[in-house]
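Novice: Output the structure for:
(2 chains)
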Amino acid sequence: MKCAWNELLDILPKRIAGEVDRLGRDTMQELRLRVNDSPELVCGSGIRRLQEKVTVNDLSFCVNAASRYSPWAAASVSQGYLTVAGGHRIGLCGEVVRKGNEITGIRNATSLCIRVARDYLGIWDTNTSLSGSIMILGAPGSGKTTLLRDAARQISEKHTVAVVDERGELFPTGFVRGLRMDVLTGAPKASGVEMVLRTMGPEWIAVDEITAEEDCCALLQAQGCGVKLLATAHAGSLEEFRSRPVYKKILDNHVFEELIILKSDKSYRVERMHKWN
Amino acid sequence: MELKLLGAILIVAGCGGYGFSLCTRYRKRERALSDLVRALDRMECELQYRLTPLPELCRGAAQDTGGMLRKVFLSLAQELERRVMPDAASCMACVISNEAITYKQLRIILSQLGKSLGQFDLPGQLRGLEAVRKQCILELDALNINRSERLRCYKTLGLCAGAALAILFA
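Specialist: Sure thing, here's the model as predicted:
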């Protein structure tokens, strides 16, 4: 298992970084910081709380340190998150800044949710059929991104894989990349898929968290070009996945042949998609 | 007699040297301000084209400057990378106090620059840099008023003061 733990500690206020390091180094999945509340460590074994209260300055420090004091370089703030070196993701809540109907940023952050990126090598079952596109389903925190990362890496041992990494958390600096892998970082999924499709000639395209209809359209287009897809989506079960109107297009067009459903204990089962269509 | 002559020469040379050192200091101030303007220009271009993060921006600025300013920008980049201070303004304040900048106007301008860094989105940041650049140019203009007369004056006054003192002590 690989984790850029020190990069995470670097963005925490020094007075809580030590305790977080002591309690969460091996098992922490999330760190939640809320103003006037104690830091909450979500670990594999349960939730732990620290003594210290979080202040507005603590959150401001975290945001500044994560963006390297460069708000302009962290355009994703307007979408409510920041990706830190090492692939850790900080979700932001606070007062939204708007210009007309467009959200341009978040000022006075009041809550942060820091999700720890951990890279597990070899968790993907290499016997999984690669005859068609694969969708990984799971509830939040079930390990979709982690599995996708290893799957993309292992598939790229034999096939050309283009990874569209919108949030820069799939293959940050320091994480092992695959043999025949190209990573496009920072591009929105829909336009990113189109870009790699046109320019990189991939056999597989990997994207994390399909959430919008335009993402589904891009996947459909890629499938039409004969590219296989490896994607993840938020859904605790197949029924939940099928009930979401946003995924109707990819279901109707049989884009995915294999479904991998992650369970809360991080294990998964593989299902053939045609059984339900 | 020889000692008196030697003393007189030393006094004239000392006072004249002081006059010349004032000229050098004046030129150093000019150079520092011009360097800063050039660094700010580069920062603006970098931001517009590459959205470069602040630590790299400061390292780039250090390449465009020399002497004290180079040290300031390098220290600022290091301070930002250390991620101890809550914001860029505090980092700059810390650097200014550590580097002991004697030129007061430059200290004020750098402090103003620090307060403008890392606070706003791209257009805001560019406006902030532009404001600092204008401040530098105003200061350069002020230094340029009667420049040659002033420089000649420093040298002449130094030498004359030395000569006057030598005559007085003789």
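Novice: Around chain B, which positions in chain A sit nearby?
Specialist: Counting by C-beta under 8 Å from any C-beta of the partner chain, the residues of chain A close to chain B are A:10-11, A:14, A:57, A:60-61, A:64-65, A:67-73, A:75, A:104-105. For the C-beta atoms, the positions are set from N, CA and C on the backbone; glycine is no exception.
Novice: Low-confidence ranges, chain B, go.
Specialist: For chain B, no stretch has pLDDT under 70.
Novice: Confirm A:Leu230 sits in a strand?
Specialist: Yes - checked against DSSP: H, G, I helix; E, B strand; the rest coil, A:Leu230 lies within a strand.
Novice: Contacts only, for the nearest residue to it once chain neighbours are set aside.
Specialist: Excluding the flanking residues, the one nearest A:Leu230 by C-beta to C-beta, 6 or more residues apart in numbering or on different chains is A:Ala206, at 4.2 Å. Residues in contact with A:Ala206 (C-beta atoms under 8 Å, 6 or more residues apart in numbering or on different chains) are A:148, A:151-152, A:155, A:161-164, A:170, A:229-231.
Novice: and A:Ala206, that one's in a helix?
Specialist: No - counting by three-state DSSP, A:Ala206 is not found in a helix; it is strand.
Novice: And it, how far from chain B?
Specialist: Going from A:Ala206 to chain B by C-beta to the nearest C-beta, to the nearest Å gives 26 Å.
Novice: Quick one: mean pLDDT for stretch A:236-252?
Specialist: Mean pLDDT, computed over stretch A:236-252, is 88.
Novice: re earlier: which pLDDT value belongs to the residue nearest to A:Leu230?
Specialist: In this model, A:Ala206 carries a pLDDT of 96.
Novice: picking that back up, quick one: which of the residues of chain A next to chain B sit in strands?
Specialist: Judged by DSSP state E, strands contain the following of those: A:104-105.
Novice: Just the buried ones from the residues of chain A next to chain B?
Specialist: A:10-11, A:60-61, A:64-65, A:67-73, A:105 (16 or more other C-beta atoms under 10 Å in any protein chain shown).
Novice: Can you tell me which of these lies closest to B:Leu22?
Specialist: A:Tyr69 (38.2 Å; C-beta to C-beta).
Novice: which residues sit in contact with the nearest residue to that closest one once chain neighbours are set aside?
Specialist: Once flanking residues are discounted, A:Tyr69 sits nearest to B:Gly118: 3.8 Å by C-beta to C-beta, 6+ apart. With contact taken as C-beta under 8 Å, 6+ apart, B:Gly118 is in contact with A:64, A:69-71, B:54, B:87-89, B:125.
Novice: What lies in contact with stretch B:30-42?
Specialist: B:60-61, B:64-69, B:73, B:103, B:106, B:109, B:113, B:129, B:132-133, B:136-137, B:139-140, B:143-144.
Novice: list the contacts for A:Ser129?
Specialist: Contacts for A:Ser129 (C-beta under 8 Å, 6+ apart) come out as A:257-258, A:270.
Novice: what comes into contact with stretch B:98-116?
Specialist: Counting by C-beta under 8 Å, 6+ apart, B:29, B:32-33, B:36, B:40, B:68, B:71-72, B:75-76, B:88-89, B:91-93, B:95-96, B:125, B:128-129, B:131-132, B:135-136, B:139 sit against stretch B:98-116.
Novice: what helix or strand is the residue most central in space within chain B on?
Specialist: Centroid-nearest residue in chain B: B:Ala32, 3.9 Å away (criterion: C-alpha atoms, centre = their mean). Here B:Ala32, judged by DSSP states H and E, is contained in helix B:2-50.
Novice: if we can go back for a sec, now tabulate the contacts of A:Ala206 in CSV and tack on neighbour count.
Specialist: Shown next, in CSV, are the contacts of A:Ala206 (neighbours: other C-beta atoms under 10 Å in any protein chain shown):
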residue, neighbour count
A:Leu148, 23
A:Ala151, 25
A:Ala152, 26
A:Ile155, 25
A:Val161, 28
A:Ala162, 27
A:Val163, 27
A:Val164, 30
A:Leu170, 25
A:Leu229, 24
A:Leu230, 24
A:Ala231, 26
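Novice: Which members of these are positioned in strands?
Specialist: Secondary structure assignment by DSSP E places A:161-164, A:229-231 of these in strands.
Novice: for those residues, which one is nearest B:Gln48?
Specialist: Using C-beta to C-beta, A:Val164 comes nearest to B:Gln48 of those, at 26.3 Å.
Novice: What sits closest to the closest one if chain neighbours are left out?
Specialist: A:Val164's closest residue in space is A:Gly192 (C-beta to C-beta, 6+ apart), at 3.6 Å.
Novice: average pLDDT across the host helix or strand of the one you found?
Specialist: In this structure, A:Gly192 sits in helix A:189-199 according to DSSP H and E. In this model, helix A:189-199 has a mean pLDDT of 94.
Novice: What of stretch A:125-138?
Specialist: Mean pLDDT, computed over stretch A:125-138, is 86.
Novice: Buried by neighbour count: which residues of that stretch qualify?
Specialist: A:130, A:132-138.
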